[in-house]
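S.K.: Predicted coordinates and the sequence they were generated for:
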Amino acid sequence: MHTNSVPDPQQHQELLRVCRIGKAQGLKGEVSVELYTDDPHARFAPGEVLYARESAADALRPYTVAAARTFKNRWYVRFEGVDDRNAAEALRNTVLYGEPQELDDDEFYPKDLLGLEVYLESEVSAANADDAPEGAGFEFTDLGKVVDVIEGAQWLLKIRMPNREAFLLPFVEALVPEVNLEEGYLTVDPPGGLVPGIGEPDIADTADSVGAAPPSA
C-alpha cells in the first residue's frame, strides 16, 4: 500500500527521478505518466516500488505498481491502493523516484555527468593515438563543464563554457563518444555550428561561393 511514509534521508538523496504523474485514465485509478527513465519496462513492472517526496524534508511515500501498459507510445500505470478516478486525479503532477539500478558500462546516471570537463574528441584521440610522439605535450581546447542534465526521451547536456556562455548537446554516442568518470572528463564530436566558436563555417568562404557559376559539365 502507498499509505505509509518512509523517513530515510540517505535513501532520499540516492533516489532517481522515474516519472511525473499526469491525467487520470478511466475510472479505476489508472494514470498517464511522463517518463524520465529510459527503462520503463523495469520501473513499471508489477510489484516495483516508486517513491514520492513528502512535505516533510526527509519523508518518502511509497507507491507499488499494480499494473502498467502502453498505448500510442504513452505509458499508463495503476498503483496499489489507487482504485478510482478521484484518487488518481489527486496524484496529478506528483514526481516519483526509484532506487538506483545496476548499470552497464556505457550507462550513466545524471549525477555522474555533472561537473565533468568537456574536450574535443579529435584532440583527445590524437593524444591517445598509438603513433602520438612520446612525451609530447598536448593542450586540449577547454569547452567548459557539464552543469546540468536535462532528462527526457533524449537527454541533453548543458555545458557552460569558460566565457560563461552555455549550449545544449544531445547525450548520444555520435556526439559524446567518450565518458571517462575516473579522469573526470567527456569528449564531444559536434557538427559545425553546434558549439559556439567551434567548427563554424567560414563566413568569407561562404560569401565567395554565393552567386558563383556552377562548374561546366
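M.R.: Arrived safely, thanks for sending.
S.K.: Partner strands of whichever strand in the chain runs longest and their direction?
M.R.: For the chain, the strand with the greatest residue count under DSSP state E is strand 59-71. Using DSSP bridges, the strands paired with strand 59-71 in its sheet are strand 6-7 (antiparallel), strand 49-53 (antiparallel), strand 74-79 (antiparallel).
S.K.: can you put the ones you listed in CSV and add mean pLDDT and distance to residue 156?
M.R.: In short, each C-beta sits where N, CA and C put it, glycine included. Output for the strands paired with strand 59-71, formatted as CSV (pLDDT from 0 to 100; distance: least, CB to CB, whole Å):
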stretch, mean pLDDT, distance to residue 156
strand 6-7, 41, 32
strand 49-53, 93, 24
strand 74-79, 96, 21
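S.K.: Phi, psi for residue 176 please.
M.R.: Residue 176 adopts backbone torsions of phi -130, psi 80, taken as degrees, to the nearest 10.
S.K.: what's the neighbour count on the nearest residue to residue 152 once chain neighbours are set aside?
M.R.: Nearest-residue entry for residue 152: residue 36, 7.2 Å, with adjacent residues in sequence omitted and distances by CB to CB, 6 or more residues apart in numbering. Using other CB atoms under 10 Å, residue 36 is surrounded by 21 other residues.
S.K.: my guess is residue 32 contacts residue 71, does it?
M.R.: No: in this structure residue 32 lies outside contact range of residue 71 using CB atoms under 8 Å: 9.4 Å.
S.K.: okay, the two: which has more neighbours?
M.R.: Taking other CB under 10 Å, residue 32 and residue 71 do not tie; residue 32 has more neighbours (18 against 9).
S.K.: Confirm that that one sits in a strand.
M.R.: Yes: when classified by DSSP: H, G, I helix; E, B strand; the rest coil, residue 32 is found to be part of a strand.
S.K.: any idea how far residue 75 is from it?
M.R.: Residue 32 sits 7 Å away from residue 75, going by CB to CB, to the nearest Å.
S.K.: Repeat that for residue 22.
M.R.: Residue 22 is 10 Å from residue 75, by CB to CB.
S.K.: Equivalent analysis for residue 172, please.
M.R.: 22 Å.
S.K.: quick one, what contacts residue 122?
M.R.: residue 189 (CB atoms under 8 Å, 6 or more residues apart in numbering).
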